[in-house]
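Enquirer: Structure for the following, please:
(one chain, ligands or ions: 1)
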Amino acid sequence: MPPPGLPNNLKEVHSSGSGDWFPEAEIRYYTNVFVVQDGKLLLGYKKRGLGIHRYNGFGGKVEAEESTLDAALRELKEEAGITAPLVHAGTLLFVVPGEKWAHIDIFRADKYTGTITESDEMRPEWFPTTDIPFDNMWESDRYWLPLLLSKQHFSARADFNREGEKHIPMKWWIGTASKAVSQSN
Ligand SMILES: Nc1nc2c([nH]c(=O)n2[C@H]2C[C@H](O)[C@@H](COP(=O)(O)OP(=O)(O)OP(=O)(O)O)O2)c(=O)[nH]1
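Expert: Residues are numbered from 1 along each chain as shown. Okay, the predicted model is just below:
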């Protein structure tokens, strides 16, 4: 059974952890973009803020009166210097008790235009899709990123406890939807 906050028509791919899901809270919307080309995945080494010193896709908060897609395009331009045709790949609910729930819309692009450029926030780096640095990414990414790479639309929830700057994974659930990956623009 999918956890609270996810649609209930999903097929489980992976789940882990124990205890109860953390209680509901207000939702804040984020984006995250992964560019995949010629068997390589573009990641950014985060130089500041949430997820510092770890690799991630490019993204951030959706601003007021901005669509999710526009936010994703803006963050990709700000953080990596490029633009790309984005396809919605899945959704991740990122939960920390006492904080707003982060609803992260995750996009994939198979091509891009512009010159990849380091920003204040991210240092872009290509990795072979067979050698992704999961040990240096958010803990549950290893379970859903393969679904993004194989173009299966997914929904996931990951609950963490925060200890200072550290996020300790408590429980997570990842599933796929029957709907095919659709073009979002
Ligand atoms: N891959 C992955 N990404 C995550 C997880 N949790 C989480 O917040 N993120 C993403 C969502 C956002 O893309 C990014 C956090 O955004 P941010 O705090 O840097 O937002 P921002 O760029 O608007 O921040 P700022 O400019 O205001 O400092 O991290 C997770 O578990 N896995």
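Enquirer: Give me the distance between the closest residue to the ligand within the chain and Ala109.
Expert: Nearest residue of the chain to the ligand: Gly60, at 2.4 Å (Cβ to the nearest ligand atom). Yep, even glycine has a C-beta here, placed from its N, CA and C like the rest. Note on Gly60: its distance to Ala109, by Cβ to Cβ, to the nearest Å, is 17 Å.
Enquirer: pLDDT averaged over the strand or helix carrying Phe160 - what is it?
Expert: Using DSSP states H and E, Phe160 sits within strand 154-163. The average pLDDT for strand 154-163 rounds to 96.
Enquirer: hmm, that strand touching the ligand?
Expert: Yes. Judged by Cβ under 6 Å from any ligand atom, strand 154-163 comes into contact with the ligand at Ala158.
Enquirer: what's the spacing between that strand and its chain's center?
Expert: Put simply, strand 154-163 sits 11 Å off its chain's centre (Cα atoms, centre = their mean, to the nearest Å).
Enquirer: Of Gly60 and Ala109, give the one with the bigger neighbour count.
Expert: More neighbours surround Ala109 than the other of Gly60 and Ala109, with 21 against 18 (other Cβ atoms under 10 Å).
Enquirer: need the contact list for that one.
Expert: Val33, Phe34, Val35, Val36, Ala84, Pro85, Leu86, Val87 (Cβ atoms under 8 Å, 6 or more residues apart in numbering).
Enquirer: who touches the third one in this structure?
Expert: Under the criterion of Cβ under 8 Å, 6+ apart, the neighbours of Val35 are Leu41, Leu42, Ala80, Ile82, Ala84, Arg108, Ala109, Asp110, Lys111, Tyr112.
Enquirer: interface residues of this protein facing the ligand?
Expert: Near the ligand, when you scan the chain using Cβ under 6 Å from any ligand atom, you find 30-32, 49-51, 56, 59-61, 94, 102, 104, 138, 140-141, 158.
Enquirer: Buried members of these into ChimeraX, please.
Expert: Remark: buried members of the residues of the chain next to the ligand, expressed as a ChimeraX selection using 16 or more other Cβ atoms under 10 Å:
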select :30,31,32,56,59,60,94,102,104,138,140,141,158
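Enquirer: quick one, helices of this structure?
Expert: 68-80, 141-149 (DSSP state H).
Enquirer: name the helices or strands packed onto the last one?
Expert: Where contact means 3 or more Cβ pairs under 8 Å, 6 or more residues apart in numbering; DSSP states H and E, helix 141-149 is packed against strand 11-17, strand 27-37, strand 87-95, strand 101-109, strand 154-163, strand 166-176.
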